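**Student:** The following block contains a protein sequence and its predicted model.
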Amino acid sequence: MNYPFKTICCIISSPCHLCNLEYDKVELMAVLMSLAGFILLFVEQRRLGKRRAVGIELRGLRDTTGDPLKDKIPRTISDRREQILISIRRSDGRILEPEDALKQIIHLPMSISHVEAGTDRSDIAYVAGGLAPVPFSFLMGVLLDDENSVTLMDWDRNGDYWRMLNGEDDGDRFTVSGKNQIGQAEEVVLNISVSYPTNTLGIAQTFSGQPVVSMTLSNLTTNAHWPETKQVALAQQFFDMMRSFCGTNVKHVNLVLAAPNSLVIRFGRIYDKRNLPPLTVWQYENGQTPPYPWGVSMPVAGGSAKIVKF
C-alpha cells in the first residue's frame, strides 16, 4: 500500500485492515531492531568488562613522584587496571648495579605469562612506560616485541604526570651522516640524537677507531617525542638504517642513543631479533672515563642479554 492512501484511509475512518497489517510489520521490525541492538550492546559490554589494561612500568630514575603508570591509563582502554612493576632502584633510591638491574628486567616475559594465564590475549591491553637508563628501556622494548597490543606512555617532566603520545607532529625527521665511512668495518657506532646532543668526543674516546654513523633531528628538544606519528616515522628510519647494515660487513652495532624513554622502548620493540645485527646499547655517564662505561648486549641474533663493560 502506498503511504498517501494509507494516511487518507486512517484519517477519515478507523484504520483499515490493510493499514493494521502494515503497522504490525513496522512494529515487529522496530521490536526486532531494538532487540538486536540490545543484544549487541550486551555482548560489547561483556567484552569490555572482560578486557583488562595492564600497565608495565619500568621504574629506575629518582626524580619521579612515584605515581604509578597504571593509575593514568585512559578509561577508553579499560576500567580494569593491573600492574607489572619492574623496579631497578635500591631501598635508598639509587639505581641497582647494572648486573642486578638486568636480573629484574629479564623476568618480564615470565610476568606477562602469569598475567595471561587462562585468559584470551585479545582481552588484555598492555600500556608500557618507564623512567630508566636507556639500555634497560631498550631491552624492555625488545622483550615486549612479541606482544600484539602495546600502548606507550611517557612521563611529562614539566607537568609531573604520565601522558599519552598525543602531540602535534612537527615533521622533523632524522638526517643521516657518516654512512659512507663504514667501508669494510665489522663493528660500527650508530649515534642517535633526539632529545640531547650525544657526546661525540666521548664516543670517539670510548669506541676508538670505529666508524660512526649519526642520525640527528634538526630540532633537539625534550618535547620532540609526543606525537605518535612522529615516533612511528623515526622508528622506521632507525629500522631501515639497521637493515642497511645487513648488506655490509658489519657484524656488531654499538648504539648510542639520547632519546625519551617511550621512543627508546619503541626502538627496542621494532628491532628484528632474528635478522638484524647483534646490538649493544650503551649508557652515558657524564664525567666518567670513558663516558660510556657499560652497555647491555641485547638478546637478538641468537644472543642473550648481558652487561658489557669497558
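**Tutor:** All right, it came through fine. Numbering: from 1, shown residues only.

**Student:** Output stretch 269-280 as PDB, nothing but the C-alphas.
**Tutor:** Only the C-alpha atoms of stretch 269-280 are listed here, as PDB (Å, rounded to 0.1, in the frame of the first residue of the first chain):
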ATOM      1  CA  ARG A 269      60.100  -3.200  20.000                       C
ATOM      2  CA  ILE A 270      60.700  -2.600  16.300                       C
ATOM      3  CA  TYR A 271      64.100  -4.300  16.400                       C
ATOM      4  CA  ASP A 272      64.100  -7.600  14.400                       C
ATOM      5  CA  LYS A 273      65.600 -10.100  16.800                       C
ATOM      6  CA  ARG A 274      66.300 -12.700  14.100                       C
ATOM      7  CA  ASN A 275      67.500 -10.800  11.100                       C
ATOM      8  CA  LEU A 276      69.200  -7.600  12.300                       C
ATOM      9  CA  PRO A 277      72.900  -7.500  13.500                       C
ATOM     10  CA  PRO A 278      73.900  -8.100  17.100                       C
ATOM     11  CA  LEU A 279      73.500  -4.900  19.100                       C
ATOM     12  CA  THR A 280      74.800  -3.400  22.300                       C
END
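
**Student:** Report the buried residues of it.
**Tutor:** Within stretch 269-280, the residues that count as buried by 16 or more other CB atoms under 10 Å are 269-271, 273, 276-280. For glycine as for every other residue, the C-beta is placed from the backbone atoms N, C-alpha and C.

**Student:** Turn the residues you listed into a markdown table, columns for distance to residue 310 and pLDDT.
**Tutor:** Converted to a markdown table, these look like this (distance: CB to CB, whole Å; pLDDT from 0 to 100):
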| residue | distance to residue 310 | pLDDT |
| --- | --- | --- |
| 269 | 28 | 96 |
| 270 | 27 | 96 |
| 271 | 23 | 97 |
| 273 | 25 | 93 |
| 276 | 24 | 97 |
| 277 | 20 | 97 |
| 278 | 17 | 97 |
| 279 | 17 | 97 |
| 280 | 11 | 98 |
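
**Student:** Closest to residue 288 out of those?
**Tutor:** residue 280 (17.3 Å; CB to CB).

**Student:** Bridging across strands, which residues link to that closest one?
**Tutor:** Note on residue 280: beta-bridge partners by DSSP bridges are residue 254, residue 297.

**Student:** thought it was touching residue 299?
**Tutor:** No - using CB atoms under 8 Å, residue 280 is not in contact with residue 299; the gap is 11.5 Å.

**Student:** Residue 25 - how many residues pack around it?
**Tutor:** Using other CB atoms under 10 Å, residue 25 has 10 neighbouring residues.

**Student:** Revised request: answer the last question for residue 203.
**Tutor:** Around residue 203 there are 22 residues (other CB under 10 Å).

**Student:** List the residues that contact it.
**Tutor:** 189, 191, 212, 256, 291-292 (CB atoms under 8 Å, 6 or more residues apart in numbering).

**Student:** sorry, back to before: in strands, which of the buried residues of stretch 269-280 appear?
**Tutor:** Among the buried residues of stretch 269-280, the members falling in strands (DSSP state E) are 279-280.

**Student:** got any ranges where the protein has weak pLDDT?
**Tutor:** For the chain, the stretches flagged by pLDDT under 70 are 1-24, 37-50, 62-66, 91-93, 147-148.

**Student:** And the helices in it?
**Tutor:** With helices called from DSSP state H, the chain shows them at 3-12, 17-50, 98-105, 108-116, 134-143, 200-206, 228-244, 261-270.

**Student:** The closest residue to residue 221 other than its chain neighbours: neighbour count?
**Tutor:** Closest residue to residue 221 apart from its sequence neighbours, by CB to CB, 6 or more residues apart in numbering: residue 195 at 6.7 Å. The number of residues packed near residue 195 is 17, by other CB under 10 Å.

**Student:** so residue 195 makes contact with residue 216?
**Tutor:** No - using CB under 8 Å as the test, residue 195 is too far from residue 216 to be in contact (11.3 Å).

**Student:** partner residues bridging residue 193?
**Tutor:** Where residue 193 sits in a bridge, its partners, by DSSP bridges, are residue 216, residue 258.

**Student:** list the contacts for it?
**Tutor:** Neighbours of residue 193 in contact, by CB under 8 Å, 6+ apart: 214-217, 220, 258-259.

**Student:** With neighbour count and distance to residue 124 added, can I get those in TSV?
**Tutor:** TSV is the format used below for the contacts of residue 193 (neighbours: other CB atoms under 10 Å; distance: CB to CB, whole Å):
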residue	neighbour count	distance to residue 124
214	19	39
215	21	34
216	17	37
217	20	34
220	15	36
258	18	33
259	26	28
